[in-house]
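Enquirer: Need a 3D model of the sequence below.
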Amino acid sequence: MKRMKPLWLLSVLIIIISVLAGCGSKELAWDTFEGAVNEKSFPVPKEANSSDRATTNVAMDYVRYSLPGLKEKEGVPEPYLDAIEAWGWTEKKVEDAGVSRIFEKDGMVIHLTVHDGYFTVMVPKEKKAAIKGLQTK
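Expert: So this is what the prediction gives:
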């Protein structure tokens with residue numbers, strides 16, 4: 001009987017750990033989006049956390065979003081591309097863009113780059129200023 005008690009406790013412990021591990025691994029839903037910090041008309045997943053915004057870069061307005069589960073080698077997930085298109089953005093095919101994807105809408109340009117566990121949304125500053133200037137005239 002004493003031998004059964006450690007086996008029973010071990011079994012219960014394994015079950016509890018399995019349940020907790022299963023609850024901790026949450027898959028991204030890709031169904032709720034909000035405007036990016038640096039360009040409100042560009043969608044970012046609501047689950048993403050903006051962790052860094054570079055204000056010293058003279059060429060780009062850059063925001064980094066952490067989003068666990070992203071993989072650079074897999075690129076931009078299809079549901080995210082669908083949301084970007086649904087928000088009115090079209091992808092600009094550039095031959096030498098590397099891992100960046102470039103999107104356009106109403107003369108505005110966004111560079112989207114996916115890395116392991118995070119992605120960046122970059123807006124060229126000169127173009128953004130020129131667009132805003134034209135809109136105020």
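Enquirer: CA atoms for contacts and neighbours, from now on please.
Expert: OK.
Enquirer: ranges for the strands of the chain?
Expert: Secondary structure of the chain by DSSP state E: the strands cover 33-35, 43-45, 49-54, 60-66, 90-92, 100-105, 108-115, 118-124.
Enquirer: out of those, nearest to Glu74?
Expert: Distances from Glu74 to each of the strands of the chain were compared by C-alpha to C-alpha, and the smallest falls on strand 108-115, at 8.6 Å.
Enquirer: Tell me which strands that closest one pairs with, and in which orientation.
Expert: Strand 108-115 has its sheet partners listed here by DSSP bridges as strand 100-105 (antiparallel), strand 118-124 (antiparallel).
Enquirer: Now render the strands of the chain as JSON lines, adding mean neighbour count.
Expert: What follows is the strands of the chain, written out as JSON lines (neighbours: other C-alpha atoms under 10 Å):
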{"stretch": "strand 33-35", "mean neighbour count": "15"}
{"stretch": "strand 43-45", "mean neighbour count": "22"}
{"stretch": "strand 49-54", "mean neighbour count": "14"}
{"stretch": "strand 60-66", "mean neighbour count": "20"}
{"stretch": "strand 90-92", "mean neighbour count": "16"}
{"stretch": "strand 100-105", "mean neighbour count": "18"}
{"stretch": "strand 108-115", "mean neighbour count": "20"}
{"stretch": "strand 118-124", "mean neighbour count": "22"}
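Enquirer: so how far is Lys73 from Trp32?
Expert: Trp isn't right for residue 32; it's Thr. 24 Å (C-alpha to C-alpha, to the nearest Å).
Enquirer: Return the residues in contact with the closest residue to Ser100 other than its chain neighbours.
Expert: Of all residues beyond its chain neighbours, the one nearest Ser100 is Thr113 (4.5 Å), with distances taken as C-alpha to C-alpha, 6 or more residues apart in numbering. For Thr113, the contact set (C-alpha atoms under 8 Å, 6 or more residues apart in numbering) comprises Val76, Val99, Ser100, Arg101, Phe119, Thr120, Val121.
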